[in-house]
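**Q** can you look at this prediction? I've put the sequence above it.
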Amino acid sequence: MKRRIPLIVGIVVILSGFGYLVYGGIGKNLVYFLTPTELLAKGPSAVDSPVRLGGMVKPGSVKWDPNALDLRFELTDGQSQILVHSTGAPPTMFRDTMGVVVEGKLSKSGIFESDNLMVKHSNQYRPPAPGQKPEEMYKTLIHEGQN
């Protein structure tokens, strides 16, 4: 009987730890993003709240000023769009119709002020063929992303 008590206590501790991870710990650490429609549906409560916003860059909406490092574009989910303002140079592969996730806050004026801009890219890595320049690989990735 004395041998079973430590075994039972050990099993209870392991199951409690597993239960915490499943019901509490993991859920709090998962990072989600909202779509423009979901963010706008929150109304005034969305203003000045840090959030991740995901969607596609609306074609023809990109305005980039390299001298001021000022980027503006519209992010859409097909139903709604939000004007995004970001400072700093955008990622090399950033372009129209690309999937992006931005982190930041919605301002009172309705512009999403982004602190961080992440682009969706291919999850396939292919090294350049012998003699092929990396710049040629970028052209291939951009072409694949438009299909």
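**A** Now that the structure is in, tell me what you want to look at.

**Q** run through this protein and note the low-pLDDT ranges.
**A** Applying pLDDT under 70 to the chain flags the ranges 1, 22, 24-31, 121-129, 132-147.

**Q** and the residue nearest the centre of it, which of the three is it?
**A** The centroid of the chain falls nearest to V101 when counting by Cα atoms, centre = their mean (3.1 Å). Recorded secondary structure, V101: strand (DSSP: H, G, I helix; E, B strand; the rest coil).

**Q** how close does it get to T76?
**A** 14 Å (Cβ to Cβ, to the nearest Å). To be clear about C-beta, it is placed using only N, CA and C from the backbone, and glycine gets the same treatment.

**Q** how is the chain divided into domains?
**A** Split into domains by automatic domain parsing, the chain comes to 1-30, 36-122+135-145.

**Q** out of those domains, deepest packed?
**A** Across the domains of the chain, the average number of neighbours (mean count of other Cβ atoms under 10 Å) peaks for domain 36-122+135-145, which reaches a mean of 15.

**Q** ok, now which ones touch V100?
**A** The neighbours of V100, taking Cβ atoms under 8 Å, 6 or more residues apart in numbering as the test, are 54-57, 75, 94, 117-120.

**Q** and the gap between the residue nearest to the centre of the chain and E113?
**A** 15 Å.

**Q** likewise for L40?
**A** Distance from L40 to E113, counting by Cβ to Cβ: 16 Å.

**Q** what does K120 give?
**A** 21 Å.

**Q** mind checking the longest helix of this protein?
**A** Longest helix of the chain, by residue count under DSSP state H: helix 4-20.

**Q** chain center to that one, what's the gap?
**A** 37 Å (Cα atoms, centre = their mean, to the nearest Å).
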